[in-house]
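Asks: what would the 3D arrangement of this be:
(chains A, B and C)
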Amino acid sequence: MYVAVKGGEAAIDAAHAQLADLRRGDRSVAALSLDQIRDQMALAVARVMAEGSLYDPDLAALALKQAWGDVAEAIFLVRAYRTTLPRLAATRPLDTARMVVRRRISATFKDLPGGQVLGPTFDYTHRLLDFALAAEDEPLAEPPPPAEAPLDPDMPRVTDILGADGLIEPESDPDADNPDAPVPDLTREPLTFPAGRAMRLQVLARGDEGFLLSLGYSSQRGHGGTHPFAGEIRMGEVEVEIIPEDLGFPVTIGTVTATECQMINQFQGSKTKPPQFTRGYGLVFGFNERKAMAMSLVDRALRAPDLGEPVVAPAQDEEFVLSHADVVEASGFVQHLKLPHYVDFQAELDSVRRMRRAAETGEGADS
Amino acid sequence: MTQHDSGVTFGYLDEQTKRMIRRAVLKAVAIPGYQVPFAGREMPLPYGWGTGGIQVTASIIGPDDVLKVIDQGADDTTNAVSIRRFFRRVTGVRTTEHTTEATLIQTRHRIPETPLGPDQILIYQVPIPEPLRFMEARETETRRMHALADYGVMHVKLYEDISQYGRIAKAYDYPVMVNGRYVMAPSPIPKFDNPKMHDAPFLQLFGAGREKRIYAVPPHTSVVSLDFEDHPFEVQSWDRVCDLCGADDSYLDEVVTDDAGGRLFVCSDSDYCAGRRAAGHEGPAAASAAGAALSETMTAVSREADGEGTP
Amino acid sequence: MDALALSSSSSAAPAPGLTDPVFDAQRLFRIALAALSRPGTVHPLPVDLDPPSPLTPWAGALALTLLDLDTPVWLDVGLDTPAVRDWLRFHAGCPLVATPEQAAFALVGRVADLDDLTRFAIGDPEYPDRSATVIAQVAGLEPGAGWTLTGPGIKGRARLSVDGLPSGFPDAWAENAALYPQGVDLFLAAPRHLAALPRSVTVEG
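Replies: Presented below is the predicted three-dimensional model:
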């Protein structure tokens, strides 16, 4: 017997009720607190903050809880909230040279002022499941012993060291002549092409980590190769400053945890211009080296036209990369195929049936 | 008007965003068919699900408006119900299923069968606003083509269809020339609806949220479906009528009723169909078991939408 | 909202703006949209507004509906007074620019100068929307008489008589129309009535 299915408000309400029930799961298991998510799922929280473009660990934790741990859905929740917030001020550029470093490594120099600081990293863990963590009463690990000596507060960036000798291109500030020019804001103005580096970096900073990782990887495999060296990766806390109009001088409004990657790439030069290394830049909220490194690879690849290199690979193609980097846009449009397309499908079906009829009868298709 | 949710601004968008969108809408009206870039906001509904249309509606709607939302011509499809509910919550305005009562109609994929009047505005949800996109993927290139009114690639594409299939294969989102200047995507409406856009008494606004474009067709503007002299534009037609209401002038959806070839063809415009049935019109399958089941479900959903919804 | 409180406590404070910034702006926008969508139609002002002279009510209302910190605004010699500047800055927060070509919106009080529209931004071929919208304060508007209008938004033809524009205006407008799809759009604001000419419309004298 045929039963017609239609989605009314009652059906939507029922779907939401089921969703809430499944999210909570077995009621005999304690509910997750936001504190637990924020402190013990900190890297998921960092990713939600980075791609959600909103530095707020508590809201990111809430979004993760509401989204059953689905990072893309949590990012969407944070974005939709963010868009309703007023813009109160534009911050000054973060001065990462003054970062309170927790980790700082360079792959280009064995030692350098401030030293290599291994810090917290998964890099040298052997990826063996730690069944001790599965025990209900996880033994409280001893906090690590304090460092024998405090970190050197003077930790110049590797690119600054190279820059002092003119061995790397100077960081070009597009608005060097006009420091008061407003910074473009991806969320307040339409993205048009060519986008310019400031806008590009904004797209990459909140771009989908998986997408950037694959693009960066593709550039390493020769699809727009840039011969990268990880000049420096640093992670730690950095102050955020604004200049209130009524004060006229910078004041610190807080600190954020950030990861920065300065990639040193393929040198360029000519008979008249001595060769210099070129830069790729990555900066991301929270502790996320994978994203910062991928971003710096893609940033460098996208600079190809500015550096007079041919654009031959996807990672170098500004319109392709920037138009497809956003997880909220991509997820929405892929999933919109779930929506009804009865009308357009019917139109196609009608066309195909007519053309088949015409083919069968051997008559003109327009009959 | 019911009270809107006091926790959110009227229309959800902040005033600065509304002004930005309103300015874009004015430009769009002044340059019919031209896609105006706008700084689309991230809405609490997913991209691809009507965020462009929603932002346009949210920027123009006022407390005296009466809103109708349709998807595939129907008021009872899930996303239409969801968007209608969103606007009830963020504006408190009256919603309706009746085409003639609405001042604003937000639509996905259809133009209502009941002719609209000069006091109505039709707002289309648009997935891909660029009519040249599948011939040229690059925005920088398509912008240049529009600037030069260089639509050669479109004509080539349509002509290739004719040589391959003996006809222009495009059955929906069929490209139109607006005011003799811009080739425009009418959004994925069936080409059946294209003639309704031409010299229409009502204003038509198009919002593409993910692609961040707004465009418009003012009232009484020329909208011509592209064709060739020897292959003139033609619309879909059926050699049957709506199985529920008997209409022979409406766009029909095909409903599969069993796995033995059973089909019902019913109006995609649910309000048009319901109105005809209420007026006593009856289609050939209205009394069949499947026809009755379909009819009953549509009526049940319609009752829900007319009221405040079942909590 | 704040303007009312301030104006009672300080004589230097700007005159009040829209009584209800959200709903008045929505209503006014819909009228502006109707005017631009149907060139030749004339629309009365539905709100009470008393902007500082020489700014007139409909022009002021349209300014508060459309302008904000994202819209560079140019005031012509007929409107560039401290009181008008303060009022616009206070209620709309719009930046005021020195020359017409920098402006997204131009407010023109001395409309006799509108026999020349070439001073304003016309957009570029790929982005014709990057053009100026001119709000001209005219003395009066009368539908059904005067110039003949044809184009999008008009069934057949419409007529509009504008009191205040110079005799050279139709020629200036023809030059503007020849730039299509580039060009400026024009709102004609009589003190209590509004009409509009989008760039797509042809005006014959």
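Asks: quick one, strands of the chain?
Replies: Went with chain A since none was named. A:100-105, A:229-242, A:251-268, A:276-285 (DSSP state E).
Asks: sorry, should have said chain C
Replies: With strands called from DSSP E, chain C shows them at C:43-44, C:73-75, C:105-108, C:133-137, C:140-150, C:158-163, C:185-189, C:193-197, C:202-204.
Asks: and the longest one, what does it pack against?
Replies: Right, the one you point to is strand C:140-150. Under the contact criterion of 3 or more C-beta pairs under 8 Å, 6 or more residues apart in numbering or on different chains; DSSP states H and E, strand C:140-150 touches strand C:158-163, strand C:193-197, strand C:202-204. No exception for glycine: its C-beta is placed from N, CA and C like everyone else's.
Asks: spell out which parts of chain A neighbour chain C.
Replies: Residues of chain A lying near chain C by C-beta under 8 Å from any C-beta of the partner chain: residue A:192.
Asks: swap in 10 Å and give it another go.
Replies: Listed as neighbours of chain C in chain A under the rule C-beta under 10 Å from any C-beta of the partner chain: A:87, A:188-189, A:192.
Asks: same deal with the stretch 151-300 of chain B?
Replies: So far as C-beta under 10 Å from any C-beta goes, the stretch 151-300 of chain B lies against chain C at B:178-182, B:199, B:201-205, B:214, B:216-222.
Asks: now, of those residues, which are buried?
Replies: Among those, the ones that count as buried by 16 or more other C-beta atoms under 10 Å in any protein chain shown are B:178-179, B:181-182, B:202-205, B:214, B:216-222.
Asks: just those now: which is nearest residue A:288?
Replies: Minimum distance to residue A:288 across these is 35.5 Å, recorded for residue B:214 (C-beta to C-beta).
Asks: wait, doesn't the closest one sit right on residue B:33?
Replies: No: using C-beta atoms under 10 Å, residue B:214 is not in contact with residue B:33, being 11.8 Å away.
Asks: which residues are in contact with both of these two?
Replies: Here residue B:214 and residue B:33 share the contacting residues residue B:206, scored by C-beta atoms under 10 Å, 6 or more residues apart in numbering or on different chains.
Asks: any idea how far the closest residue to residue A:229 other than its chain neighbours lies from residue A:233?
Replies: Of all residues not flanking residue A:229 in the chain, residue A:264 sits nearest, at 4.6 Å (C-beta to C-beta, 6 or more residues apart in numbering or on different chains). Residue A:264 is 12 Å from residue A:233, where distance means C-beta to C-beta, to the nearest Å.
Asks: same question for residue A:251.
Replies: Residue A:251 sits 29 Å away from residue A:233, going by C-beta to C-beta.
Asks: and residue C:137, how many neighbours?
Replies: Number of residues near residue C:137 (other C-beta atoms under 10 Å in any protein chain shown) recorded here: 24.
Asks: so it sits right up against residue C:59, yeah?
Replies: Yes: contact criterion C-beta under 10 Å: residue C:137 and residue C:59 qualify, at 4.9 Å.
Asks: shared neighbours of the two, which are they?
Replies: Joint contacts of residue C:137 and residue C:59 (C-beta under 10 Å, 6+ apart) are C:79, C:107-109, C:187-191.
Asks: more neighbours: residue A:251 and residue A:233, which one.
Replies: Between residue A:251 and residue A:233, counted using other C-beta under 10 Å, the more crowded position is residue A:233 (22 against 10).
Asks: for the stretch 201-350 of chain A, just list every one of the helices.
Replies: Remark: helices assigned in the stretch 201-350 of chain A by DSSP state H, counting those that start in this stretch are A:209-220, A:289-302, A:318-324, A:327-335, A:342-361.
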